[in-house]
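Colleague: generate coordinates for the sequence data below:
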Amino acid sequence: MPNRFLERLERGPVVVADGGMGALVSSAVRRTRCPEEANLRAPETVVSLHLNFIRAGADLIETNTFGANRRKLAAHYLEQETQAINGAAVKLAREAREVSGRDVFVAGSIGPLGDQDVEPAERREVFAEQASVLNGRGVDLVIVETFFDLDELVDAIEAVRGVSALPIVAMLTFDEEAETLAGVTARDATERLAPLGLAAVGANHGAGIQAALTALSEMQANGIPLAAMPNIGLASLAGNRIVYPHATPEYFAEFAAQARELGARVIGGCCGTTPTEIAAIASAVAEERKPRAPFVLAEREVVVAASGRAEETELARKLRARDWVVSVQLDPPKGANCDGLLDASRELKASGLVDVVDINDNAGARAGMSPIIVAAAIERTCEIETVPHVTTRDSSIMGLESLLLGAHAAGVRNVLAVTGDPPEVGDYPGSSGVYEVDSVGLTELVSRLNAGEDFNGKSIDAPTSFFAGVAVNPTADDLDLELERFRLKVDAGAEFAMTQMVFDLRYLDRLLERLGGESPIPLLVGLCPLWSYRLALRFHNELPGVIVPDRVQDALEEAGPRAADVGLALARDLYAAAREKAAGVYVVAPFRRPLAALDVLS
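Modeller: Numbering: from 1, shown residues only. The predicted model follows:
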């Protein structure tokens, strides 16, 4: 028996789809944990919104199930209601169709899982569960939409195909250059999707109308029916409200004309689009409106990779040549004035004993000046290289990319990737960190930037040339886990490492023995002169991962008022012994006395 949706795509007219259902539900029903919960808690609102789109001229409405897969619902403690939410969604859409008196198509909406760490087999199982409910409740077709990852989209298509014979419309999200977040072009995506027997392929969500049209222009070569359901544009935040651009209905009418000219057989909207915009699309389709001007694809910017090897940092050169390296660790100022730190950096350089300075990033979760800003100021004015610490605590992946690209533009090349102390241990109890990635992920991000691409594999304008370091702790409570993470960091592209502060080199010997006798990358050992017994107690008992051996504590306690001299002598002994075991050291200076680090080296 012929499928009436497929017949409509073949014979016309163009199918007008609905708009941004999820955003409208969220605005109308404030107390639900997610838009899909409204199917159970506010069904009359969902029906009313469907009706508004139908009355505006939509030939197709989507069920309110975009995020109604078990994994996404679990984030809202709704996983036990997966079947009920999906089943109710179909019932409400069909009810709206009956009330309207129009024979519109009801499409089951399936969105991505939003978690790239889920194995393909599990992904397909989750998608199949949702598709099975939608199919069983009586949708006319399935739309898998707003996918950023092509592999995940293919998994979703295969999962739906395994439980349903209904037509499938598949849509990816593209940027202004018709690329997915991972850098897959619309043309390449369509070539991969073409053999899968889809009813239509297309673009939805994304950066707005122009981005969708650009994607369609690259998809049309395969002859598959196309679908376009873009956002109204890029949204912004105003307080706790999402604000969309003021696109005019005329703008959407012109979009419909352009999309139809490019081969779109399904045209609608996504986030921010309301019945007003859908009415404009419906009017343009009914009139068979012609575009005011042919759509012209803007010339794609060509990214040219820098030729030859990036210039080596002095730190990298010294470590490669097996020269002994000394760094002094500095704490950024707690205020907005870094003149004192600049003066100290000049004197450290002038001493002839220090090669680089490394700069903490809000150590102990106590806010100070950005180490990247401090590093740029030091390198610009003090003629000494820096190693700013970069934590994943305070920035998203996007923020980390921006931070690193800015650092590179400012001339900073050495970086130390660390996860960072949790905010609740410092000055901000009750707050939480970002931690989208840990130090392993940050190291991978730096490596990707050096390869000329962002974290998702999309090309940047030119490769960076960072020299990436990581932390490793010889005194970790769980040395097996520490070694496993260290190997992951090395595999991610780490080029040197800095240890936690060490007060007994037997811990370093144990680490190196477990690594097969030597570190796979150059190692700088952390030293700190203990100037009091009280400080030794605090380090040992209050700093995670730091061990001050009993013999050191006893020596400082017995020294009494001479504890600072004893601590300095112990640090000098460690410094001399480390020359036989490591590539260099970094010295943690006494609080607000950075030049005191020179006492360990002289």
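Colleague: hey, let's count contacts and neighbours off CA atoms from now on
Modeller: OK.
Colleague: what pLDDT does the model give residue 247?
Modeller: What the model reports as pLDDT for residue 247 is 64.
Colleague: I meant to write residue 224 there.
Modeller: 89.
Colleague: contacts only, for the nearest residue to it once chain neighbours are set aside.
Modeller: Of all residues not flanking residue 224 in the chain, residue 200 sits nearest, at 6.2 Å (Cα to Cα, 6 or more residues apart in numbering). Residue 200 is in contact with 168-170, 224-227, counting by Cα atoms under 8 Å, 6 or more residues apart in numbering.
Colleague: do that again at 6 Å, thanks
Modeller: With contacts defined as Cα atoms under 6 Å, 6 or more residues apart in numbering, the neighbours of residue 200 are 169, 225-226.
Colleague: can you flag the buried ones in those?
Modeller: 169, 225-226 (16 or more other Cα atoms under 10 Å).
Colleague: dump the residues you listed into JSON lines; add distance to residue 601 as well.
Modeller: Converted to JSON lines, the buried ones among the contacts of residue 200 look like this (distance: Cα to Cα, whole Å):
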{"residue": "169", "distance to residue 601": "68"}
{"residue": "225", "distance to residue 601": "72"}
{"residue": "226", "distance to residue 601": "70"}
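Colleague: tally of neighbours for the residue nearest to residue 62 when sequence neighbours are not counted?
Modeller: Excluding its sequence neighbours, the residue lying closest to residue 62 (Cα to Cα, 6+ apart) is residue 107, at 4.7 Å. The local packing of residue 107 (other Cα atoms under 10 Å) involves 28 other residues.
Colleague: again, but for the one 10 residues further on
Modeller: Residue neighbour count, defined by other Cα under 10 Å, stands at 8 for residue 117.
Colleague: quick check: the gap between it and residue 492.
Modeller: 17 Å (Cα to Cα, to the nearest Å).
Colleague: equivalent analysis for residue 389, please.
Modeller: Relative to residue 492, and taking Cα to Cα, residue 389 is found at 17 Å.
Colleague: these two: which is more packed in?
Modeller: More neighbours surround residue 389 than the other of residue 389 and residue 492, with 25 against 19 (other Cα under 10 Å).
Colleague: for the stretch 301-450 of the chain, which spans come out with low pLDDT?
Modeller: Residue ranges of the stretch 301-450 of the chain with pLDDT under 70: 301-310, 424-431.
Colleague: for it, just list every one of the helices.
Modeller: 314-320, 339-350, 371-382, 397-409, 439-450 (DSSP state H, counting those that start in this stretch).
Colleague: how many neighbours does residue 575 have?
Modeller: For residue 575, the count of nearby residues is 22 (other Cα under 10 Å).
Colleague: run through the residues that contact it.
Modeller: Residue 575 neighbours (Cα under 6 Å, 6+ apart): none.
Colleague: looking at this, it is in a helix?
Modeller: Yes. If the criterion is DSSP: H, G, I helix; E, B strand; the rest coil, then residue 575 is within a helix.
Colleague: per-residue confidence for it?
Modeller: So residue 575 comes in at 97 (pLDDT).
Colleague: same question, residue 544
Modeller: Residue-level confidence at residue 544 comes out at 81, pLDDT.
Colleague: may I see the buried residues of stretch 173-187?
Modeller: 173-187.
Colleague: I meant stretch 528-541, not that one.
Modeller: 528-533, 536-537, 539-540.
Colleague: over to stretch 356-376?
Modeller: 356-365, 367-376.
Colleague: the residues you listed in strands, which ones?
Modeller: 356-359 (DSSP state E).
Colleague: and these, which is closest to residue 292?
Modeller: Nearest to residue 292 among those is residue 359, at 57.7 Å by Cα to Cα.
Colleague: that closest one and residue 493, how far apart?
Modeller: For residue 359 relative to residue 493 (Cα to Cα), the value is 21 Å.
Colleague: can you check residue 76 too?
Modeller: 37 Å.
Colleague: looking at those two, which has the bigger crowd around it?
Modeller: Set residue 76 next to residue 493 and count neighbours by other Cα under 10 Å: residue 493 wins out with 21 against 12.
Colleague: now do the residue nearest to the more buried one when sequence neighbours are not counted: how many residues are near it, please.
Modeller: In space, residue 493 comes closest to residue 447 once its chain neighbours are excluded; the distance is 5.8 Å by Cα to Cα, 6+ apart. By other Cα under 10 Å, 23 other residues sit near residue 447.
Colleague: again, but for residue 585
Modeller: 22.
Colleague: so it: helix, strand or coil?
Modeller: Assignment for residue 585 (three-state DSSP): strand.
Colleague: any idea how far residue 579 lies from residue 324?
Modeller: 8 Å.
Colleague: circling back to that earlier point, where strands are concerned, which of the buried ones among the contacts of residue 200 count?
Modeller: 169, 226.
Colleague: could the helices of the stretch 301-450 of the chain go into TSV alongside distance to residue 141?
Modeller: Putting those into TSV (distance: least, Cα to Cα, whole Å) gives the following:
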stretch	distance to residue 141
helix 314-320	58
helix 339-350	65
helix 371-382	52
helix 397-409	36
helix 439-450	39
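Colleague: now, of those, which is deepest in the fold?
Modeller: helix 439-450 (a mean of 24; mean count of other Cα atoms under 10 Å).
Colleague: show me what that helix is packed up against.
Modeller: helix 479-492 (3 or more Cα pairs under 6 Å, 6 or more residues apart in numbering; DSSP states H and E).
Colleague: what's the helix it packs on packed up against?
Modeller: Secondary-structure packing of helix 479-492 (3+ Cα pairs under 6 Å, 6+ apart): helix 439-450.
Colleague: I'd like the next helix or strand past the helix it packs on.
Modeller: strand 467-472 (DSSP states H and E).
Colleague: got the angle for that next one vs helix 479-492?
Modeller: 170 degrees (axes from the mean of the first three to the mean of the last three Cα atoms, to 10 degrees).
Colleague: number of residues surrounding the residue lying closest to residue 451 once chain neighbours are set aside?
Modeller: Distances taken as Cα to Cα, 6+ apart put residue 463 closest to residue 451, at 5.5 Å, once the chain neighbours are dropped. Neighbourhood size, residue 463 [other Cα under 10 Å]: 21.
Colleague: please apply the same query to residue 322.
Modeller: Neighbours of residue 322 using other Cα under 10 Å come to 13.
Colleague: skipping its backbone neighbours, what lies nearest it in space?
Modeller: Nearest residue to residue 322 in three dimensions, chain neighbours excluded: residue 583, at 6.7 Å (Cα to Cα, 6+ apart).
Colleague: again with residue 125
Modeller: Going by Cα to Cα, 6+ apart, residue 125 has residue 159 as its nearest residue, at 7.0 Å.
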